[in-house]
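Enquirer: Give me a 3D structure for the following:
(2 chains)
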Amino acid sequence: MTCQEFNDLIVDYIEEILAMEKIKEFEGHLEQCSKCQITLNYYMAVVEGLHDLPTEECPESVVEKIFDSAPVKSEEPSLLANIYQTITEKFTWQMRFAAAAVFVILSVLLLYPNDINKDFVQQTYTIQEVEKFTKDIRLALVYLAYCYEKTENIIEKKVVPNYLIKPIKSSLESAIKEIINEG
Amino acid sequence: MREFKRIVNEYKSIVYNHAYYFTGNREDAEDITQEVFIRLWNNLDDIKSEVLKFWILKVTKNLCIDFTRKRKKYVSFYKDDDESEPVWETLVDTEQNPEQKAISQGIRENIHRFINLLPNTIRSVVIMRDIQDLEYNLIAETMELPLNSVKAYIHRGRKLLMKYLVQYSKDDFIKG
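Expert: The predicted model follows:
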């Protein structure tokens, strides 16, 4: 390896992304070339010096000036935003999904044709109609439970293994193979 | 407004640090920081959250360069703030001698004095990578450069600093 080639590889050597063969060549040249030893020492001093520079804190006065420059807007969230936040905090997504589905189904059933009086006079239903409605609601709830279970199953058996565990496992295996090959 | 405050608190250090090390003085860094976030406020609705960091860095970098162009001076920390001796470039001394340790030490102690003597693009890249520890991809996007060019600029920046500092530290060692 020439000194020029050595120079060209310094960045990758410090970043630890050189292949094993190149590292051996690099370090082999380093052992024999005093000029490159000195260069690397000074280069490392520069890199370490830069890394050790302190993080300057932004003064609070600057932050205050920034906020003073920005027009003041009301920080009060809207009623809708408040309601949405409360619902998302208190109910899991499954509960929200089930509630929404029941709401939709009941709405559809309540709007069931023809029998609704526009003046909202209380309706009387025959026993058969009530039994039919009850059956429909039961069916809807069973179907809802089935959908929920299926979704949970899909997430457990397909989404998590295929889109979460498999990629992580595959990355780990490649990393381990690389380490074994290098070492 | 709450979102804006959160963003300011999250990014104020990154912006201020970059501006401080780029310009070499706190006043300019404060002005640039303020300007960055005022521009952010004016454009907040148009910026998607996934590109926010990149937008902030890019504006910071551009404002730093514009600022120094307008000022048309180097703020040199060479030796003392009042002196403005020119910096010279020399080859690395290849002799092995006892000075080397002192020079390495001198490099570490005085590096902050020479950062803002680097050319603008190299300066931005070195600050982002070596001081702020940002990822190469983010730097490449911010600077609108290919990844290899970013690495090349970093290497050039470090070598320039090395040249400046070796001579400065050697000078110091000889005198004192």
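Enquirer: Show me the helices in chain B, by range?
Expert: Ranges of helices in chain B, per DSSP state H, are B:2-23, B:26-43, B:52-71, B:99-110, B:120-126, B:136-143, B:147-175.
Enquirer: got the buried residues for the helix or strand bottoming out on mean pLDDT in chain B?
Expert: Across the helices and strands of chain B, mean pLDDT, DSSP states H and E gives its lowest value to helix B:99-110, namely a mean of 76. Across helix B:99-110, burial judged by 16 or more other C-beta atoms under 10 Å in any protein chain shown covers B:99-100, B:102-104, B:106-108, B:110. Heads up, the C-betas are built off the backbone N, CA and C, glycines and all.
Enquirer: Looking at those, which one is closest to B:Leu52?
Expert: Distance to B:Leu52, by C-beta to C-beta, is smallest for B:Arg108 among those, at 34.4 Å.
Enquirer: How about the contacts made by the closest one?
Expert: Listed by C-beta atoms under 8 Å, 6 or more residues apart in numbering or on different chains, the contact set of B:Arg108 reads A:45, A:48-49, A:52.
Enquirer: how close does A:Thr39 sit to chain B?
Expert: Per C-beta to the nearest C-beta, to the nearest Å, A:Thr39 is found 6 Å from chain B.
Enquirer: wait, doesn't that residue sit right on A:Gln4?
Expert: No: the pair A:Thr39 and A:Gln4 fails to qualify as a contact (C-beta atoms under 8 Å) at a distance of 11.4 Å.
Enquirer: the more surrounded of these two?
Expert: When A:Thr39 is set against A:Gln4 and neighbours are counted by other C-beta atoms under 10 Å in any protein chain shown, the residue ahead is A:Thr39, at 21 against 8.
Enquirer: for the more buried one, helix, strand, or coil?
Expert: helix (DSSP: H, G, I helix; E, B strand; the rest coil).
Enquirer: List the contacts of it.
Expert: A:6-7, A:10, B:92, B:162.
Enquirer: just to revisit the earlier point, now tabulate the buried residues of helix B:99-110 in CSV and tack on distance to B:Leu145.
Expert: Below are those laid out as CSV (distance: C-beta to C-beta, whole Å):
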residue, distance to B:Leu145
B:Glu99, 37
B:Gln100, 34
B:Ala102, 36
B:Ile103, 32
B:Ser104, 30
B:Gly106, 32
B:Ile107, 27
B:Arg108, 28
B:Asn110, 29
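Enquirer: Quickly name whichever of those is closest to A:Pro161.
Expert: B:Arg108 (50.1 Å).
Enquirer: A:Pro167: helix or strand, and which one exactly?
Expert: Assigned by DSSP states H and E, A:Pro167 belongs to helix A:166-182.
Enquirer: Pull the distance from that helix to the chain's centre.
Expert: Centre-to-centre, helix A:166-182 and its host chain are 23 Å apart (C-alpha atoms, centre = their mean, to the nearest Å).
Enquirer: what about it, average pLDDT?
Expert: Averaged across helix A:166-182, pLDDT comes to 83.
Enquirer: Equivalent analysis for stretch A:96-104, please.
Expert: Per-residue scores along stretch A:96-104 average to 80.
Enquirer: Can I get it as PDB, trimmed to CA atoms?
Expert: Output of stretch A:96-104 as PDB, limited to C-alpha atoms (Å, rounded to 0.1, in the frame of the first residue of the first chain):
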ATOM      1  CA  ARG A  96     -63.100   2.400  20.200                       C
ATOM      2  CA  PHE A  97     -63.400   0.100  17.100                       C
ATOM      3  CA  ALA A  98     -66.100  -2.000  18.800                       C
ATOM      4  CA  ALA A  99     -68.000   1.100  20.000                       C
ATOM      5  CA  ALA A 100     -67.900   2.600  16.500                       C
ATOM      6  CA  ALA A 101     -69.000  -0.600  14.900                       C
ATOM      7  CA  VAL A 102     -72.000  -1.100  17.300                       C
ATOM      8  CA  PHE A 103     -72.900   2.500  16.700                       C
ATOM      9  CA  VAL A 104     -73.000   2.000  13.000                       C
END
